[in-house]
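J.: below are the sequence and a predicted model for it; my questions follow.
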Amino acid sequence: MRWEREKTLDLSGILGALLLIITALWFQSKHQWTWYHWVLAGAGSLGIASYFGLNWKVYYQFLGGKKGMERWNLLLYSLLVIAILGFANYLSYRHPKRWDVTKTRSNSLADESLKVLHQLTKPVKITGFFTAEASSRKEEAEKLLQRYAYASQNRIQYKLIDPNREPARAREYQVTSEGVLFLESGEKKISITQTTEEAITNALLELTTPQKEVCFTIGHGEKDPQDFQERGYSDLARLISEKNFTVKTVEILREGKVPERCSVLVIAGPNKPFFEGELDILKKYIEGRGKLLIELDPWTQENISSMLISYGITVKDAVIVEPISQVAGQNPLTILVTREGYSTAHEITRNIKASTYFPLTAPLVVSDKPPSGWTLTSLLKSSELSWGETDRKTADFTEGKDIKGPLTFGVALSKEETRMVILGDSDFIINANLRVVDTNGEIFLNILRWLAHQEALISIPVKEEAGKPLLVSRSQMQEILFFAVLVLPAVFLISGGYVWLRRRGL
Amino acid sequence: MRGIWAVFKKETGIYFHSFIFYFFGLVYLFILGLIFSLVFIVYATQLPMRAQMAGGNLPTVNTSILRPVFGDMGFLLILFLPFYTMRLLAEERRHGTLELLFTSPITPAQVVLGKFLASSTLFIAITSIPILYCFILDYFGDVDWLPILSTYLGIFLLGGSLIALGLFFSSITNNQLIAAVLTLGGYLLFWIIGWMGQSGATATLFRYLSIYEHYEPFIQGLIDTQDVFYYFSFIFLWLFLTYRSLESQGWR
């Protein structure tokens, strides 16, 4: 009888433990606590309680008396040791010191990154959004961010969030895609989509440089950064404000000059003439270390273009027809720019790789003899098959009237501190187009950055591995196999056997 | 000190006489040799093809061969070491020789340390042999030696930790097989505990407790004080618990 009772108690104890474990796991996976859980947990606890409770005599004997004291002693002492070790480990975890012994320093940040980290004055918080499916990207990101945290002595802190498990945070940051990192320092916030060292270091660099103001002129039919319609620039405005620029509009006539706070002035496709007074202000601005981006569309009524002639740029009264655009399914009045169209002579276009689209663009003629002190660099050009169509009604090449390609439609000018970029189009970055082609936005950003003397983007090449080809012949491979798989173990066996025999007193 | 040395000598003697030692060594070297050769051959034959595709940025000998081989080694140890450590104390208990030890002037602490050092030393000896692979590789390619040394540091620390844990389990039972099973269970627990955490803080804690998490940096050529400290703490903890366990048994 007693034997059965003991067995039942054992069973109830084990069942009780199992029930509790199942309840815990169930809760872990579903994160819900329903009345089912209460029932299971209750039954489990009951089982365990009965096991200990009804066996109490055994435990009392076990834990009581002299031996019991010793056992308690042992337990407490062990817990104390564990606690101390835990605390010590915590300290070591907080203050690690690392040595990267690889030749290529593949576990550390590049020197350029370290330099940027030195310049950090305020703490930076990095929040990354990765779903559970993207675990490998998440791990890579975490490894990289750990290095930043370590190298910056924890001035950079990071947190990786799963947007599926914390949708509120994801909404707070307006996360729309996978694998986005947000870097915040003080008031500024920058987002990047690539989790590479280059992207992060450059973002950190942007965080530490003060924001520059980009002023868009208004009042002459220009594209408006606050216009949310198809032909507006609101998306562009958002894009550049995420990249450390603030966007403002400005009426230069009212101000009497281009305000000091404007780091860059943008004239975005005017179709009404400027006042004389305004042209004077612009000329003064240009002569006085101005940074200007002028976007002009074909056949618009404005008088900026006449001003540009004195700087060596002539805006032709034509629209560029690009037959090769039809290959990509575009109409020929949109220029499809491929690798050959980007000038490698200028940093604005040097590293652009993807294609861009420029609808309705006017050709620019760059003078061979620029006015003294000025350097003119062509940035974008159309293909040899293109031409500048002067007839507004037909799109057929007319010998003598139309201008043969390749045609330039983007130019960068610089003289001492002054920098200007002239483009034959302002539509490539309107809301309707920017949503479709984001490389268009990239070009605009590069132009802004160049104009604003934004420190050149640091390029951090992925750590090169110095692999050499192994010249191994087949027989050598066989030898290696033989050696590693047979010879080594055999040698071990023999030497061991020798020791064994010796000890046996051979 | 002399007590430790006495135990040490006796243990190493026993090991050299034991079947498990040779078996472990042989199978370990055999499997590792196999893995190494296969990885090496795959790498050597694929390299010209990859060179054409990647154009210049080739993976090195270190990353393509040594890392996977030594990474696997860690897991192999988990499978082998329980059988290597199971007899350390369990056998003594079964044969009653443990009591004899307690009547001798040797203290439990010396027993623990002696046995630990003996098994660790032999462990180091066996696992050091594959360094010969690295010489082979160096002949054919270019080997970055320091990460290999850091990998070995990791192996020694990982091995020491596993041995300490195995020693503990061997001390609480007199059945070797139970000791081995418990040890294997313990290894797996500390291995998978790293994946158990869900959210931020608990995930970090569980990952810190994982014995494998701290091994990886060594393979990648990163020597971090927190990993070293973790392993030392681990070894200390389990040796300490083994010592306590022996002490409490001495009074029975």
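T.: Sure, I can see it. It should be emphasised that the depicted structure is a prediction, and the values quoted were computed from it without experimental measurement. Numbering: from 1, shown residues only, chains lettered A, B, ... in the order given.

J.: next, count neighbours for residue B:32.
T.: A count of nearby residues for residue B:32, using other C-beta atoms under 10 Å in any protein chain shown, gives 23. Just so you know, the C-beta spots here come from the backbone N, C-alpha and C atoms, and that holds for glycine as well.

J.: do the same with the one 3 residues further on
T.: Taking other C-beta under 10 Å as the criterion, the count of residues near residue B:35 is 21.

J.: OK, contacts around it?
T.: Counting by C-beta atoms under 8 Å, 6 or more residues apart in numbering or on different chains, residue B:35 touches B:68-69, B:72.

J.: so what's it scoring on pLDDT?
T.: Note on residue B:35: pLDDT of 85.

J.: that one: what secondary structure?
T.: Here residue B:35 is helix, with the state taken from DSSP: H, G, I helix; E, B strand; the rest coil.

J.: one step back: which members of the contacts of residue B:35 are classed as buried?
T.: Burial by neighbour count, 16 or more other C-beta atoms under 10 Å in any protein chain shown: within the contacts of residue B:35 this picks out B:68-69.

J.: now, which of the contacts of residue B:35 sits nearest chain A?
T.: Checking the contacts of residue B:35 against chain A with C-beta to the nearest C-beta, the nearest one is residue B:69 at 10.2 Å.

J.: after the least confident helix or strand in chain B by mean pLDDT, next one along is what?
T.: Least confident helix or strand of chain B, by mean pLDDT, DSSP states H and E, is helix B:61 with a mean of 61. Using DSSP states H and E, the next helix or strand after helix B:61 towards the C-terminus is helix B:67-85.

J.: summarise which helices and strands that following helix is packed against.
T.: When contacts are defined as 3 or more C-beta pairs under 8 Å, 6 or more residues apart in numbering or on different chains; DSSP states H and E, helix B:67-85 packs onto helix B:19-54, helix B:108-128, helix B:145-171, helix B:176-192, helix B:216-219.

J.: which one of the ones you listed lies nearest to residue A:488?
T.: Closest to residue A:488 of the helices and strands packed on helix B:67-85, according to C-beta to C-beta: helix B:19-54, at 5.2 Å.

J.: quick one, that closest one and helix B:67-85 angle?
T.: Counting by axes from the mean of the first three to the mean of the last three C-alpha atoms, to 10 degrees, helix B:19-54 lies at 170 degrees to helix B:67-85.

J.: buried residues, helix B:19-54. List them.
T.: Buried residues in helix B:19-54, counted by 16+ other C-beta under 10 Å: B:21-22, B:24-26, B:28-33, B:35-37, B:39-41, B:43-44, B:47, B:50.

J.: which pLDDT value goes with residue 119?
T.: Picking chain A for this. pLDDT at residue A:119 comes out at 80.

J.: wait, I meant chain B there
T.: Reported pLDDT for residue B:119: 89.

J.: and for residue B:32?
T.: For residue B:32, the model assigns a pLDDT of 84.

J.: could I get the phi/psi values of the residue nearest to it when sequence neighbours are not counted?
T.: Spatial nearest neighbour of residue B:32, excluding adjacent residues (C-beta to C-beta, 6 or more residues apart in numbering or on different chains): residue B:130 at 5.6 Å. Note on residue B:130: backbone dihedrals following degrees, to the nearest 10 are phi -60, psi 0.

J.: return the distance of residue B:130 relative to residue B:173.
T.: 32 Å (C-beta to C-beta, to the nearest Å).

J.: with neighbour numbers in mind, choose between the two.
T.: residue B:130 (21 against 18).

J.: so who does the more buried one touch?
T.: Contacts were defined as C-beta under 8 Å, 6+ apart; by that measure residue B:130 touches A:488, B:29, B:32-33, B:36, B:69, B:73.

J.: tell me which strands and helices the strand or helix carrying residue A:448 is in contact with?
T.: Using DSSP H and E, residue A:448 sits within helix A:438-451. Using 3+ C-beta pairs under 8 Å, 6+ apart as the contact test, the elements touching helix A:438-451 are helix A:234-241, strand A:262-268, strand A:291-295, helix A:347-350, strand A:356-359, strand A:418-423, helix A:431-434.

J.: between those, which gets nearest to chain B?
T.: Using C-beta to the nearest C-beta, the nearest of those to chain B is helix A:347-350, at 20.8 Å.

J.: helices or strands up against that closest one?
T.: Secondary elements touching helix A:347-350 (3+ C-beta pairs under 8 Å, 6+ apart): strand A:375-381, helix A:438-451.

J.: of those, which is nearest residue A:293?
T.: The minimum distance between residue A:293 and those falls on helix A:438-451, with 5.9 Å, by C-beta to C-beta.

J.: tell me the one among the contacts of residue B:130 nearest to residue A:231.
T.: Nearest to residue A:231 among the contacts of residue B:130: residue B:69, at 61.4 Å, using C-beta to C-beta.

J.: pretty sure the closest one contacts residue B:136?
T.: No. Taking contacts as C-beta atoms under 8 Å, residue B:69 lies outside contact range of residue B:136: 11.9 Å.
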